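J.: Just need the structure, nothing else, for what follows:
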Amino acid sequence: MIDGSPATPREHEILTILFDLGRQVTSVLELDELLAQIPKLIGRLIQFDAFAVYLLDERRSELRVAYSVGYPEHPEPVRVRLDQGLVGAAVASQAPLLVNDVTSDPRYVEMMPGMASELVVPLLHKARPIGALNILSHKRDQFSTSDVALLRQFGAHVAVALVNARLFERSRTDAEAFEMLAEIGRDVAAILEIDELFARIAQLMRRVIDYRTFGILLLNQEQGELEMKFAVQYGEKVDVPRMRLGEGLVGYAALHKEPVLVPDVSQDPRYIALVPDVRSELVIPMLLKDRCIGVLDLESPELEAFTKRDVEILTLLAGQAAVAIENARLYETVRANEIRLEKEVRFAQRVQASLLPAGLPKRMKGVDVAASFAPARELGGDFHDFLAPESNTLVVAVGDVSGKGVPAALYSVFAAELVRGRTFRRRFMPDRSTPASLLSSVNTILNQRQLEEYYCTMCYAVFDLKRRSVTLANSGLPYPVRASAEGVSQIELPGVPLGSFQGSTYDEVSFALHAGDLFVFCSDGAAAESGRALAHPGPAGGGGEHLRVRRDVPRGRSTERRHDRGGGQDHLRRINTVP
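T.: Numbers count the residues shown, from 1 in each chain. So this is what the prediction gives:
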């Protein structure tokens, strides 16, 4: 009703149908379902023989057939330039086109044989074209100006519905992409082998974007070059050189720490041709905070193969890849250091074992010895020595440095050398070489080194086999055990650990030696293991074996060195005098 007269029943019916069509078309959010509904709904208003919905690709400035009825099937979507055909003209002018005799219009491009009439209505959203509705008929003069108005009104609803469907599809696709990125992030974060990680990134990348050529280049900070670490489908014919920072698209992306999207590489002077059929390229820098560690490089033989959405998604993926790669590289460094340290520790074990005495000093008679050394770790701070500064004199020194591992082992070597040096001065300075004097001297030197976190406990015993006496001094080592005809008892002789306090003095105790007397020296680990053995007797305890006194030692010189790692810490020394 235009002139104010009442609407005819047909006009009322058309308005009702148009309202119902608008409601139906705007209620559909699935894009494919919406496209399939449009020709069915238009058929309630206008008769036609062929129909197509064209959608505008702004990047390529062309229209693509998104859905059609009555069109011949094509393996690829039909595309039309904006300056081609009636559809292109309608979208370019943003105005409907009605041609009831297509043979009379030179702009007509025949896609459907035998068509005589064509009506094209552009789809506009916020004054911008997004596509077009195109209907055709075999009859001339099939469509009227009323049909133009109806299709135009319906097209307004279709345009809104298409925008909503695209937004819905974009939101769903983004949600799926972010869920996939989270899954990828968890996946790559669990891989620490660098080569395996590169292969996995390339595999997961294809789930996000379908690429033809993909490469991972890492930045060598010292040389300022990008090195190809992993490539997919570069092929043997291509030798990928190192790229200087700032050279080519990959060098530019790494230098400026920003993505590079090139729809047509032939038009970009920065592009360096490595693969002949590459038409478009996308380079994403891998950033770790403000530092670029490399780039992800994707290439395609198609023009404009990559979109801004690809840039957004791949930028997030590149950040995850950067963290995973850095973790894998740190793991490689740590692992290499561990292997190096293991070799050094094994060598240090050999050195420490070689510093321990292999037996009694030569020409030493009238005494038997047995020793066991079992460090709690690869290296320990315990040490012992058998020394003969004079004939018929045996010095036994057993020490225990606080702590474990390499520092304690180094400290024990230093302390042991101090003991050796001052022991062999005994013949020249007998007054200053008594057990108590020696401990005081070693304490002064260790204290002067100011290694407050370390100290040394030591028992120092001098066996005078000619006068048949033994003199001991102790600086905190567990009390030695003495077994004689009078019985078995501990020699209670306390003392301040060496290196703890300046000016510490130490007490001495002397005993007469008799045939068959036995002395046992041990560090705190052996004493602790003994306590566990008493609490848990049997093979699992382990400590009972350490403290068991053997009565079957043959007469003469004997040495036993056991390296039993089943026990705790560290030394057990037994001195047995024989007639």
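J.: CA only for contacts and neighbour counts going forward, please
T.: Will do.
J.: Which elements pack onto the longest helix along the chain?
T.: When the chain is parsed with DSSP state H, its longest helix is helix 308-355. Other elements packing on helix 308-355 under the criterion 3 or more C-alpha pairs under 8 Å, 6 or more residues apart in numbering; DSSP states H and E are helix 145-189, helix 194-208, strand 280-288, strand 291-300.
J.: and the closest residue to residue 283 other than its chain neighbours, what is it in contact with?
T.: Leaving out its chain neighbours, the residue that sits closest to residue 283 by C-alpha to C-alpha, 6 or more residues apart in numbering is residue 297, at 4.6 Å. By C-alpha atoms under 8 Å, 6 or more residues apart in numbering, the contact set of residue 297 is 214, 215, 216, 217, 250, 281, 282, 283, 284.
J.: bridging residues for residue 297?
T.: residue 215, residue 283 (DSSP bridges).
J.: hang on, the earlier thing: can you redo the helices and strands packed on helix 308-355 as a markdown table, where the extra columns are mean pLDDT and distance to residue 397?
T.: Output for these, formatted as a markdown table (pLDDT from 0 to 100; distance: least, C-alpha to C-alpha, whole Å):
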| stretch | mean pLDDT | distance to residue 397 |
| --- | --- | --- |
| helix 145-189 | 82 | 53 |
| helix 194-208 | 82 | 51 |
| strand 280-288 | 93 | 56 |
| strand 291-300 | 91 | 57 |
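J.: from these, which stretch is densest packed?
T.: The highest average neighbour count among these, using mean count of other C-alpha atoms under 10 Å, belongs to strand 280-288 at a mean of 25.
J.: So what touches that strand?
T.: 249-250, 253-254, 257-265, 292-306, 311, 314-315, 318-319, 321-323.
J.: which residues touch residue 418?
T.: residue 442.
J.: Roughly how far does it sit from residue 443?
T.: From residue 418 across to residue 443, the span is 10 Å (C-alpha to C-alpha, to the nearest Å).
J.: Show me the shaky parts of the stretch 401-550 of the chain.
T.: 526-550 (pLDDT under 70).
J.: Could you check how far residue 59 is from residue 303?
T.: 11 Å.
J.: With neighbour numbers in mind, choose between those two.
T.: Legend: neighbour count by other C-alpha atoms under 10 Å for residue 59 and residue 303, higher for residue 303 (15 against 9).
J.: confidence score at that one?
T.: pLDDT recorded at residue 303 is 86.
J.: Secondary structure of it: a strand, I assume?
T.: No - assigned with DSSP: H, G, I helix; E, B strand; the rest coil, residue 303 falls outside any strand and is coil.
J.: Surely it is in contact with residue 279?
T.: Yes - counting by C-alpha atoms under 8 Å, residue 303 touches residue 279, with 5.3 Å between them.
J.: Provide the count of other residues in contact range of residue 384.
T.: By other C-alpha under 10 Å, neighbour count at residue 384 equals 25.
J.: Regarding it, which helix or strand does it belong to?
T.: strand 382-387 (DSSP states H and E).
J.: go on, residue 369?
T.: Short version, using DSSP H and E: residue 369 is in strand 367-373.
J.: Which strands border that strand, and is each parallel or antiparallel?
T.: strand 561-562 (parallel), strand 571-577 (antiparallel).
J.: For the stretch 401-550 of the chain, which segments count as helices?
T.: Under the criterion DSSP state H, counting those that start in this stretch, helices of the stretch 401-550 of the chain are mapped to 405-423, 435-448, 524-535, 543-547.
J.: list residues touching both of residue 303 and residue 279?
T.: 263, 264.
J.: who's the nearest residue to residue 385 once chain neighbours are set aside bridged to?
T.: Excluding its sequence neighbours, the residue lying closest to residue 385 (C-alpha to C-alpha, 6+ apart) is residue 397, at 5.3 Å. Beta-bridge partners for residue 397, by DSSP bridges, are residue 385, residue 460.
J.: Would you confirm that residue 397 contacts residue 384?
T.: Yes - counting by C-alpha under 8 Å, residue 397 does reach residue 384; the two are 5.4 Å apart.
J.: residue ranges for the strands of the stretch 451-579 of the chain, please.
T.: Counting by DSSP state E, counting those that start in this stretch, the stretch 451-579 of the chain has strands at residues 456-464, 469-474, 481-484, 487-490, 508-512, 518-522, 561-562, 571-577.
J.: Adding distance to residue 357 and mean neighbour count, write those strands out as JSON lines.
T.: Formatted as JSON lines, the strands of the stretch 451-579 of the chain follow (distance: least, C-alpha to C-alpha, whole Å; neighbours: other C-alpha atoms under 10 Å):
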{"stretch": "strand 456-464", "distance to residue 357": "16", "mean neighbour count": "24"}
{"stretch": "strand 469-474", "distance to residue 357": "20", "mean neighbour count": "22"}
{"stretch": "strand 481-484", "distance to residue 357": "21", "mean neighbour count": "17"}
{"stretch": "strand 487-490", "distance to residue 357": "25", "mean neighbour count": "12"}
{"stretch": "strand 508-512", "distance to residue 357": "25", "mean neighbour count": "14"}
{"stretch": "strand 518-522", "distance to residue 357": "15", "mean neighbour count": "24"}
{"stretch": "strand 561-562", "distance to residue 357": "10", "mean neighbour count": "16"}
{"stretch": "strand 571-577", "distance to residue 357": "12", "mean neighbour count": "23"}
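J.: and residue 210, which of the ones you listed is closest to it?
T.: Minimum separation from residue 210 across the strands of the stretch 451-579 of the chain (C-alpha to C-alpha) falls at strand 561-562, 65.3 Å.
J.: Report the separation between residue 460 and residue 404.
T.: Distance, residue 460 to residue 404, by C-alpha to C-alpha: 22 Å.
J.: what's near enough to touch residue 156?
T.: 123, 124, 125.
J.: The same query, at a cut-off of 10 Å, please.
T.: By C-alpha atoms under 10 Å, 6 or more residues apart in numbering, residue 156 lies in contact with 22, 121, 122, 123, 124, 125.
J.: so what's residue 99 closest to, chain neighbours aside?
T.: residue 118 (5.3 Å).
J.: what's the burial count for the one you found?
T.: Residue 118, neighbours per other C-alpha under 10 Å, totals 27.
J.: Do I have it right that it meets residue 47?
T.: No - using C-alpha atoms under 10 Å, residue 118 makes no contact with residue 47, being 11.8 Å away.
J.: Look up the residues that both of these two are in contact with.
T.: Common contacts of residue 118 and residue 47 (C-alpha under 10 Å, 6+ apart): 135, 136, 137, 142, 143.
J.: Quick one: buried ones out of the residues you listed?
T.: Buried by 16 or more other C-alpha atoms under 10 Å: 135, 136, 137, 142, 143, out of these.
J.: which pair in those spans the largest distance?
T.: So, these by C-alpha to C-alpha: farthest apart are 135 and 142, at 10.5 Å.
J.: any common contacting residues for the two?
T.: Shared contacts of residue 135 and residue 142, defined by C-alpha under 10 Å, 6+ apart, are found at 46, 47, 48, 117, 118, 119.
J.: wait, which of those residues is closest to residue 109?
T.: Closest approach to residue 109 among the shared contacts of residue 135 and residue 142 (C-alpha to C-alpha): residue 118, at 11.0 Å.
J.: OK, contacts around the closest one?
T.: 48, 50-51, 86-87, 97-102, 108, 134-143.
J.: Which among those count as buried?
T.: Buried among those by 16+ other C-alpha under 10 Å: 48, 50-51, 86-87, 97-102, 108, 134-139, 142-143.
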